[in-house]
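1. Sharing a sequence plus its predicted fold:
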Amino acid sequence: MTKSVWRFAHLVLAIFSFLFLLIASVTGTILAVDAAYEKTSAPSIENFNQITVAQSITGLRKVFPEILELNIDATNSVIAEGFNDEGEDFKAIVNPVTGEILAQPKPKSEFIEWVTSFHRSLFLHETGRFIVGFVSFLLLLITISGTVLIIKRQLGIRNFFSKVISDFSAQYFHVVAGRLLLIPILIISLTGSYLFMLRFDVISKPELVEISHESNSTEEFSLEDIPVFKETLLSDVTKIEFPFSDDPEEFFRIKLKDKEIQVNQITGEIVSEIIYPKETVFETLSLDLHTGRTNAVWAIILGIASLNILVFIYTGFVITFKRTSVKIKNKFKPTDAEIVILVGSEGGSTTYFANRIHQQFLNSGKKSYFATLNEYQQFPKASELIVLASTYGLGEAPSNAGQFKKLVAKFPQSQNIHFSVLGFGSTKYADFCAFAFEVDTMLTQQNNFNRKLQIHTINKKSVAEFVNWVNAYNEISDIKIENVSAIYQMKLPKLSKFTVLENKKNANDSVFQISLQTKKKFQSGDLLAIYPANDAQERLYSIAKVNGNLQLVVKLHEFGLGSQFLHRLQKNDQLKARIITNEHFHVPTDAKSVIMIGNGTGIAPFLGMINENISHKEMHLFVGFRHRNETVLGYEAFAKSHQEKKQLTDFTFAFSREENPKYVMQIIEEQAQLIADKLAVGAVIMICGSLKMQKDVEVVLDKIVATHNDKSLTFYKEQNQIKTDCY
Ligand SMILES: Cc1cc2nc3c(=O)[nH]c(=O)nc-3n(C[C@H](O)[C@H](O)[C@H](O)COP(=O)(O)O)c2cc1C
């Protein structure tokens, strides 16, 4: 059976039984503690295991001539019953040799009675007993499937107890505790199932047969000399019934663990015998093992194991949640897709990263299709394939990617496809990202497949390494992926409340400006993530801090979910969102001068940076717009007033749809000398706006620094003097 089938069985069983297991493990823990307490608090008798029946019977008869019955319970307490000298009933825990009364037998407390009843039958009588018994059986199956999963995970039974390498704490505890408590849990479930099967006649106990022995001895023995009494240890006995009178027809009846015997009190002969069937012996053994009543240490182990079932339930569900939290959703058919993202993942984290890219492609209008590697097929319109694959076992495929090799051979693609492979793994394993390398090599060998990017590897889901890949991808791709690490953090974001202070719209302009109030700390250049569809899909906006409030400049798009949502907001409305710290786009405190370049709504963070520039840092602002409309006139007024306050050194706006059309690149060319000089003395250039503008501006900047400073733009990028936030 493959691992995924075992895992599925393990999960389904756990889901079906989890509520009952929860009850059974809580009550079981209480009962185990009670059993350990009973066992340790029972009066102890010196050398109990060496006392013979002969010693006990004669000793007790001396003190209690009218003793009728002796019971030895699971804690080895000896309870004598009969009549005392005054002819009254008595019942007491006694020393089995001296007859000293040690204590009065105490009934179980009401609470323990209640817990026992709940544990055994959920207060549902026979139905409850059936359910509990059946759940015991399910627990047995869960334990078996769990053991198989551990063996598979540890790559063989020989490594069962080798070090566990794990991805996150819930997984680690699940595996480590599973290994440690395997035996006790197996015993709990096995004995519980056995008792259940006996009770409901799945296993039937044979009728007891009494075998009578011929009596032919005339020899008489005193009690202490009867051979069978001398040979039998009290610790093997559960009950002794004394004869009522001296009549030779009245016998001693002794129940042992494996049989019952009747003994003639005069001749000492065994008159009859009932040998218990093995089912009864196993039943007692099962009860002892299941309850821990005979051994305090075992009772404590059972308690720990029982309590741990709760831990298993919790960690098991955390693991499952992680694995399944990302649902693969598609808007386009595989046959229509331009970009295909295929994932190989076992624990779900690689799927999470893949989904993040998929959503961004969809948001930027690309026909992206997202599937597992096992769903590889014909993609007749695809021009790009991105594979994100984790590695398991000895460099093997995760369970949703095992068929990939076969499928690649089965479905040749007839058009050109550019591929990139991203491997997820852990350097703790010798075969680091081996499966991803295999996929990469395999794709290289396929007809019509061209490499877009060298394979990248990600160790232990490192977001920073993932962002490195994003940056490398963005360098050579027309479509851009967000490179802000906070977007890829797997923890579910905590949202905060924001109140709308103002939503400034202009009748003949699709750009609007929103001010929000928040208690959260932030800086200009950070991002605001909003959730317009109330699901996990977020939209990001660059933010400015203006007079302590958060300000967004947004362009309304006809089909833009995010911009439509923001456009509808009115004064005093509240929305849930989160701030993503975007450190790489903050104004560096040590930079003496800043050159801000942008287009359209890309001006947003700059407005905040200028407004916050109370230290009068040298700041130059170059922005391109289409029209010199009311909104832009507002920016102009803002820029002028801040120039007067010395918070802005100078500014130039370019208009592409007015008379003498101009793009921002042209202003940059005109300012070549200033830019080159400032860069040479450590200025920082910040670019915000469209990706197309970023690309064009970078070409111009590259030329400028090559001509004036004899350097490449990459040089300044490496010095962290070029900061971008484009979309
Ligand atoms: C049982 C097990 C075996 C693994 N074997 C390898 C391996 O051979 N090579 C490797 O690079 N990573 C190995 N890893 C690490 C995973 O590939 C890595 O944690 C990956 O990020 C998991 O991605 P997923 O959550 O999408 O499955 C293993 C992890 C586990 C839990």
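-> Looks like it arrived, so ask away.
2. what about whatever residue of the stretch 401-550 of the chain ends up closest to the ligand, how many residues close to it?
-> At 2.2 Å from the ligand, residue 425 is the closest residue in the stretch 401-550 of the chain, using Cβ to the nearest ligand atom. In short, each C-beta sits where N, CA and C put it, glycine included. Residue 425 is flanked by 24 other residues according to other Cβ atoms under 10 Å.
3. give the contact list for it.
-> 390, 391, 431, 432, 433, 434, 436, 457, 458, 459 (Cβ atoms under 8 Å, 6 or more residues apart in numbering).
4. for residue 101, what are its contacts?
-> Contact analysis of residue 101 by Cβ under 8 Å, 6+ apart lists 92, 93, 94.
5. Residue 74 versus that one, what's the distance?
-> Separation of residue 101 from residue 74 (Cβ to Cβ, to the nearest Å) stands at 21 Å.
6. hang on, the earlier thing: who wins for most neighbours among the contacts of residue 101?
-> residue 94 (26 neighbours).
7. Isn't it up against residue 81?
-> No - under the criterion of Cβ atoms under 8 Å, residue 94 makes no contact with residue 81, lying 10.1 Å away.
8. before we move on, back to that, roughly how far does the residue of the stretch 401-550 of the chain closest to the ligand sit from residue 322?
-> To residue 322, residue 425 is 17 Å away according to Cβ to Cβ.
9. Please apply the same query to residue 77.
-> Distance check for residue 77 against residue 322: by Cβ to Cβ, it reads 50 Å.
10. In contact with the one residue in the stretch 601-727 of the chain that gets nearest to the ligand: list those residues for me.
-> Closest contact between the stretch 601-727 of the chain and the ligand, by Cβ to the nearest ligand atom, is at residue 727 (27.4 Å). When contacts are counted by Cβ under 8 Å, 6+ apart, residue 727 touches 480, 482, 540, 690, 691.
11. Narrow those to those in helices?
-> In this view, the contacts of residue 727 that belong to helices under DSSP state H are residue 691.
12. okay, the contacts of residue 727 in a markdown table with pLDDT next?
-> Below are the contacts of residue 727 laid out as a markdown table (pLDDT from 0 to 100):
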| residue | pLDDT |
| --- | --- |
| 480 | 85 |
| 482 | 87 |
| 540 | 88 |
| 690 | 89 |
| 691 | 83 |
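13. Could you pull out the strands in the stretch 101-250 of the chain for me?
-> Per DSSP state E, counting those that start in this stretch, the stretch 101-250 of the chain carries strands over the ranges 101-103, 210-212, 237-241.
14. Go through the ones you listed and pick out the most buried.
-> Comparing the strands of the stretch 101-250 of the chain by mean neighbour count (mean count of other Cβ atoms under 10 Å), strand 237-241 ranks first with a mean of 19.
15. Contacts for that one next, please.
-> Contacts for strand 237-241 (Cβ under 8 Å, 6+ apart): 53, 56-57, 68-72, 252-257.
16. Name the single longest strand found in this protein.
-> Criterion DSSP state E: the longest strand present in the chain is strand 496-506.
17. residues of it that come out buried?
-> Neighbour counts over strand 496-506 (16 or more other Cβ atoms under 10 Å) mark 498, 500, 503 as buried.
18. so, in contact with the ligand or not, the longest helix along the chain?
-> As assigned by DSSP H, the longest helix anywhere in the chain is helix 3-41. No - against the ligand, helix 3-41 shows no contacts by Cβ under 6 Å from any ligand atom, the least distance being 9.7 Å.
19. Give me the mean pLDDT for that helix.
-> For helix 3-41, mean pLDDT rounds to 92.
20. do stretch 57-75 as well
-> 94.
21. how far does that stretch stretch from start to finish?
-> 20 Å (Cα to Cα, to the nearest Å).
22. can you check stretch 649-660 too?
-> Start-to-end, stretch 649-660 (Cα to Cα) is 25 Å.
23. Ok, stretch 199-212 next?
-> 29 Å.
24. what do you get for stretch 42-62?
-> OK, stretch 42-62 end separation, Cα to Cα: 24 Å.
25. same question, stretch 672-691
-> OK, stretch 672-691 end separation, Cα to Cα: 21 Å.
26. For that stretch, list every residue counted as buried.
-> Within stretch 672-691, the residues scored as buried using 16+ other Cβ under 10 Å are 672, 674-676, 678-679, 683-691.
27. Check the offset of it from the chain's centre.
-> Offset of stretch 672-691 from its chain centre (Cα atoms, centre = their mean, to the nearest Å): 46 Å.
28. Could you do stretch 151-171 as well?
-> On Cα atoms, centre = their mean, the centre of stretch 151-171 falls 16 Å from the chain's centre.
29. Buried residues, it. List them.
-> Using 16+ other Cβ under 10 Å as the test for burial, stretch 151-171 gives 152, 153, 154, 164, 166, 167, 168, 170, 171.
30. any idea which of the residues you listed is closest to residue 515?
-> residue 168 (40.2 Å; Cβ to Cβ).
31. ok now do the residue of the stretch 251-400 of the chain found nearest the ligand, which residues does it touch?
-> Using Cβ to the nearest ligand atom, residue 347 is the residue of the stretch 251-400 of the chain that sits closest to the ligand, at 2.7 Å. The contact partners of residue 347, by Cβ under 8 Å, 6+ apart, come to 167, 171, 319, 322, 323, 390.
32. Can you pick out the most distant pair from those?
-> Across the contacts of residue 347, the longest distance by Cβ to Cβ is 14.9 Å; it joins 319 and 390.
33. which one of the two has more residues nearby?
-> residue 390 (29 against 21).
34. mind listing what the residue lying closest to the more buried one once chain neighbours are set aside touches?
-> In space, and not counting its chain neighbours, residue 390 is closest to residue 424: 4.1 Å by Cβ to Cβ, 6 or more residues apart in numbering. By Cβ under 8 Å, 6+ apart, the residues touching residue 424 are 345, 349-350, 353, 388-391, 433, 436, 457-458, 461.
35. try 7 Å
-> 350, 388, 389, 390, 433, 458, 461 (Cβ atoms under 7 Å, 6 or more residues apart in numbering).
36. Export those as JSON lines, with columns for distance to residue 210 and pLDDT.
-> Shown next, in JSON lines, are the contacts of residue 424 (distance: Cβ to Cβ, whole Å; pLDDT from 0 to 100):
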{"residue": "350", "distance to residue 210": "69", "pLDDT": "95"}
{"residue": "388", "distance to residue 210": "74", "pLDDT": "98"}
{"residue": "389", "distance to residue 210": "71", "pLDDT": "98"}
{"residue": "390", "distance to residue 210": "67", "pLDDT": "97"}
{"residue": "433", "distance to residue 210": "72", "pLDDT": "97"}
{"residue": "458", "distance to residue 210": "74", "pLDDT": "96"}
{"residue": "461", "distance to residue 210": "70", "pLDDT": "91"}
